[in-house]
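Undergrad: what follows is a predicted protein model with its sequence.
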Amino acid sequence: MTPPRDKREDDTDSPPSSDEEGSRSHCLMRALRTLSAGNRMLLRAADEQELLRGMCRVIVDEGGYCSSAVGYARHDASKSMPVVAYALPNEHHEGEEAFFETLQLTWADTALGHSAMAIAIRTGQPCIGRNLLTDPDHAPWREDALRFGYASHTAFPLRVEDEVIGALGIAATEPDAFDEAEVRLLGELADDLAYGIANLRTRIKHREAAATVQRMAYFDTLTGLANRSLLREQIQAAIAGARQRQHPLGLLALSVSHVQEINDTLGYQQGDQLLQAFGERLRLAVSESETVARVGDTEFAVLLPKGDANHAMQTAKRLIAALYEPIEVSGLRIYARSTIGISLFPGHGSDADSLLRRARVAMANAKQGGHAFGVFTASLDQECSHRLAMMGDLRGAIEHNELVLHYQPKVHIASAHLCGAEALVRWQHPAQGMVSTNEFVKLAESSGLITPLTYWVLETAFRQRYIWHEAGLERPLAVNLSAHDLKDRKLIGKIKGLFDTWGAQPEWIQFELTESALMDDPVGALEMLKRLKELGVALSIDDFGTGYSSLSYLQKLPVDTIKIDQSFVSSMVDSADSAVIVRSTVELGHNLNLEVVAEGVDSQAVWDRLADLGCDIVQGYYVGMPMSAEQFTEWQGNSPWTSGMTTPH
Ligand code: C2E
Ligand code: MG
Ligand code: MG
């Protein structure tokens, strides 16, 4: 910015008369006053319009000129030059304001484009002392100039970042106003104005850039929701408020299911759409004071700044209901399911990180237990670290071949003949002893270890089946697949490879899939079953009766067998309800032309009831426990079931 100058010397050649000198020094004085007031204006103005108006006003009020105006050069077809600001003395002529308000100017090199301002814009140089009364270029405005008492006009270009963006025009009552020294000072004023404009524009750009940086630092770009950083700050602020007013607050962590499959099958764009729609559903389902944030790829969180466990659970239920309706992505109706974990201040932590972590632990626990939501409990922290340790051990056990397969016989009821076996994985932990299969299979499913586990089981089962084949034992061996395996795009290739490696026939191997695994993703599961079926293997629906599949869905499935869940079978002698379920499942299976297996048969009484109902096959402790390969061979040698046709009782 040019600082206000001291009084300048006039540098005309001939010595001036005292009258001339008086008028000249008057002109210089007013130009200097203007410059200095202009500088104050520059410091004060908060926006461009205020600066322009203020500068025009300073020129008229301090400089004593009869009007000043700023025109901006538009780059439109007619090169229009709208007057963006102007100022008139307090005592101005009638119609003068209206004149400026309606002035239509151009900076094009046409008949109407020879005003001083237009020339200053085109040439980038000041256009000085144009006589409005005699100059032919000013004919279009002469009448108005006469009316308002303007005699001369001077204009200065306004240059911002090397571009002339417009001009500052100043009118005076004297025809020969604007001598050289005055023009130099006014030129500096125009430069100061241009500098001020540039400065304000840069400030806006910086402000916008800072806002963008802020947005990026605190908001998730995909959903526009708060990100983890902003959520963390908001949790801290909410904790401070809750402490002061002594009320609890809640935090919900939510995971979205099915995003990975959508990414894999439809593409990332569709996966993103699902996440956006999910985020929007959440946002609409909570109140204004509650923050929804995206805290991970497929994880969201909701901060309830005020509320106890009851409020948090009610909110969780409401969110689950809001997410129940399918979300449309690329014309498909996707049932995005969510599991919610809840943590509470002060009970579960007094800082943002522990609340977030514990809400996530509660979420993982709810998911594992098959619940829609769950509240954190202190024991989960210990469970969590225990689980982490077990996860590492399980990974090692798979890699170092420390798992074993046990084989449980299946017997055909009518012939009392051994008709197959099921492979069940076992893990003897070096310190913890035998780990429950259900427990470590779930652990593998939740920790990404299920694929290596399944591959290990498949390899072992095929090898064992080959050994039996060599020994002349040709009964099918069933392998369990988990819900996650149904999403494994490499699984079919893996199985095909094993068939080739061992020269296996399709009858050698069967697969069991639990009904709930199928219902986890009915569409994807159906696809996978079709591909498995193309290999020629028999397929069973395991734990039937626990997964709520519909009859119409069942009919579509390319399966051969249903295995009635052992909870109904083992209790059918004592519970009339269970007996009814078993009976109707046998009938349903037969109506669908499916073979029916009852698992969990642990007594002769159950065997007899099943035989009465016409069930086809039984599996359970009554027939034989799951056994190691050696035990199984020995068992076969001595077992009454192997010879068939004779029931042992
Ligand atoms: P499942 O496939 O339904 O297997 C039957 C379970 O019932 C086995 O438990 C078996 O030991 C048990 N069982 C058999 N007969 C009786 C009986 O008469 N009474 C009682 N109370 N139980 C009986 P296990 O081996 O603990 O396996 C539990 C579940 O773990 C299996 O249920 C299966 O879903 C899963 N699983 C086992 N092995 C594998 C595997 O290799 N891969 C996968 N993905 N899952 C497996
Ligand atoms: Mg099974
Ligand atoms: Mg089962």
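TA: Sure, I can see it. Residues are numbered from 1 along each chain as shown. Ligands and ions are numbered 1, 2, ... in the order given.

Undergrad: show me which residues of the stretch 501-649 of the chain are close to ligand 2?
TA: Residues of the stretch 501-649 of the chain found near ligand 2 (CB under 5 Å from the ion) are 512, 542. To be clear about C-beta, it is placed using only N, CA and C from the backbone, and glycine gets the same treatment.

Undergrad: in the stretch 501-649 of the chain, which spans are strands?
TA: 509-514, 538-544, 561-564, 595-599, 617-619 (DSSP state E, counting those that start in this stretch).

Undergrad: return the residues of the protein in contact with ligand 1.
TA: 408, 423-425, 437-438, 441, 454, 457, 480-482, 512, 514, 542-543, 566, 599-602, 620-621, 626 (CB under 6 Å from any ligand atom).

Undergrad: residue 153 reaches residue 168, doesn't it?
TA: No: counting by CB atoms under 8 Å, residue 168 is not a contact partner of residue 153; they are 11.3 Å apart.

Undergrad: run through this structure and note the low-pLDDT ranges.
TA: Across the chain, the ranges flagged by pLDDT under 70 are 1-24, 27, 643-649.

Undergrad: domain-wise, how is this structure divided?
TA: Residue ranges for each domain of the chain read 18-204, 228-376, 388-642, as given by automatic domain parsing.

Undergrad: hey, where'd the helices end up in the stretch 201-350 of the chain?
TA: 228-245, 259-265, 268-285, 309-322 (DSSP state H, counting those that start in this stretch).

Undergrad: the inter-axis angle of the third one versus helix 309-322?
TA: The reference is to helix 268-285. 130 degrees (axes from the mean of the first three to the mean of the last three CA atoms, to 10 degrees).

Undergrad: generate a ChimeraX selection restricted to the buried subset of the residues of the chain next to ligand 1.
TA: Selection command for ChimeraX covering only the buried members of those, criterion 16 or more other CB atoms under 10 Å:
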select :408,423,424,425,441,454,457,480,481,482,512,514,542,543,566,599,600,601,620,626
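
Undergrad: distance between the ends of stretch 172-188?
TA: 18 Å (CA to CA, to the nearest Å).

Undergrad: got the contact list for the closest residue in space to residue 113 that isn't next to it in sequence?
TA: Once flanking residues are discounted, residue 113 sits nearest to residue 106: 4.9 Å by CB to CB, 6 or more residues apart in numbering. Residues near residue 106 by CB atoms under 8 Å, 6 or more residues apart in numbering: 78-81, 112-113, 118.

Undergrad: just these now: which is nearest ligand 2?
TA: Distances from ligand 2 to these, taken as CB to the ion, are shortest for residue 80 (80.7 Å).

Undergrad: by how many degrees do the top strand by length along the chain and strand 595-599 diverge?
TA: Counting residues, the longest strand found in the chain (DSSP state E) is strand 417-429. Counting by the same axes, to 10 degrees, strand 417-429 lies at 50 degrees to strand 595-599.

Undergrad: in the helix or strand that strand 417-429 is followed by, what's buried?
TA: Once strand 417-429 ends, the next helix or strand along the chain (criterion: DSSP states H and E) is strand 433-435. Neighbour counts over strand 433-435 (16+ other CB under 10 Å) mark residue 435 as buried.

Undergrad: and for strand 433-435, what's in contact with it?
TA: Contacts of strand 433-435 (CB under 8 Å, 6+ apart): 390, 426-429.

Undergrad: which of those residues are buried?
TA: 390, 427.

Undergrad: neighbours of residue 339, how many?
TA: 24 (other CB atoms under 10 Å).

Undergrad: what's the answer for residue 591, then?
TA: For residue 591, using other CB under 10 Å, the count is 9.

Undergrad: residue 226 and residue 302, how far apart?
TA: 10 Å (CB to CB, to the nearest Å).

Undergrad: so what sits against both of these two?
TA: 291-293.

Undergrad: can you list the residues you listed in JSON lines and add distance to residue 93?
TA: As requested, the shared contacts of residue 226 and residue 302 are arranged in JSON lines below (distance: CB to CB, whole Å):
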{"residue": "291", "distance to residue 93": "60"}
{"residue": "292", "distance to residue 93": "61"}
{"residue": "293", "distance to residue 93": "62"}
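
Undergrad: the residues you listed: which ones sit near ligand 2?
TA: Answer for these near ligand 2: none qualify (CB under 5 Å from the ion).

Undergrad: among the residues you listed, which are located in strands?
TA: 291-293.

Undergrad: redo those as CSV? Include neighbour count and distance to residue 234.
TA: Formatted as CSV, these follow (neighbours: other CB atoms under 10 Å; distance: CB to CB, whole Å):
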residue, neighbour count, distance to residue 234
291, 20, 5
292, 23, 11
293, 26, 8
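
Undergrad: return the member of these nearest to residue 254.
TA: Residue 254 lies nearest to residue 292 out of these, by CB to CB, at 9.2 Å.

Undergrad: any idea how far that closest one is from residue 446?
TA: Computed as CB to CB, the residue 292 to residue 446 distance reads 25 Å.

Undergrad: same list (the domains of the chain) but as JSON lines, adding distance to residue 222.
TA: Output for the domains of the chain, formatted as JSON lines (distance: least, CB to CB, whole Å):
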{"stretch": "domain 18-204", "distance to residue 222": "28"}
{"stretch": "domain 228-376", "distance to residue 222": "6"}
{"stretch": "domain 388-642", "distance to residue 222": "23"}
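
Undergrad: and residue 212, which of those is closest to it?
TA: domain 18-204 (12.5 Å).

Undergrad: follow-up on the earlier one: wait, which of the helices of the stretch 201-350 of the chain is closest to residue 399?
TA: helix 259-265 (24.3 Å).

Undergrad: before we move on, the earlier item: out of the domains of the chain, flag the one nearest ligand 3.
TA: Ligand 3 lies closest, by CB to the ion, to one member of the domains of the chain: domain 388-642, at 4.2 Å.

Undergrad: so what would you say the end-to-end distance of that closest one is?
TA: End to end - CA to CA - domain 388-642 spans 44 Å.

Undergrad: just the CA trace of stretch 159-168, in CSV.
TA: Output of stretch 159-168 as CSV, limited to C-alpha atoms (Å, rounded to 0.1, in the frame of the first residue of the first chain):
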residue,chain,number,x,y,z
ARG,A,159,-5.0,-3.3,-12.2
VAL,A,160,-5.4,-6.5,-10.1
GLU,A,161,-2.9,-9.3,-10.6
ASP,A,162,-1.7,-7.9,-14.0
GLU,A,163,-5.3,-7.6,-15.3
VAL,A,164,-7.1,-4.4,-15.8
ILE,A,165,-10.4,-5.2,-14.0
GLY,A,166,-12.0,-1.7,-14.4
ALA,A,167,-11.5,2.0,-14.0
LEU,A,168,-11.9,4.7,-11.5
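
Undergrad: correct me, but residue 402 touches residue 393?
TA: No: at 9.2 Å, residue 402 and residue 393 do not qualify as touching, with contact defined as CB under 8 Å.

Undergrad: the more surrounded of the two?
TA: Legend: neighbour count by other CB under 10 Å for residue 402 and residue 393, higher for residue 393 (19 against 15).

Undergrad: on the three-state scheme, that one is what?
TA: helix (DSSP: H, G, I helix; E, B strand; the rest coil).

Undergrad: which ones are touching it?
TA: Here residue 393 is in contact with residue 429 (CB under 8 Å, 6+ apart).

Undergrad: what about stretch 65-85, start to end distance?
TA: First-to-last distance for stretch 65-85 - CA to CA - comes to 15 Å.

Undergrad: buried residues in that stretch?
TA: Under 16+ other CB under 10 Å, the buried positions of stretch 65-85 are 65-73, 79-81, 83, 85.

Undergrad: for stretch 553-571, same thing?
TA: In stretch 553-571, counting by 16+ other CB under 10 Å, buried: 554, 557, 559, 561-571.

Undergrad: check stretch 545-554 too.
TA: 545, 547, 549, 554.

Undergrad: please apply the same query to stretch 529-546.
TA: Neighbour-count burial for stretch 529-546 [16+ other CB under 10 Å]: 529, 532-533, 537-545.

Undergrad: with stretch 286-297 instead?
TA: The neighbour-count criterion (16+ other CB under 10 Å) identifies 286, 290-295 as the buried residues of stretch 286-297.
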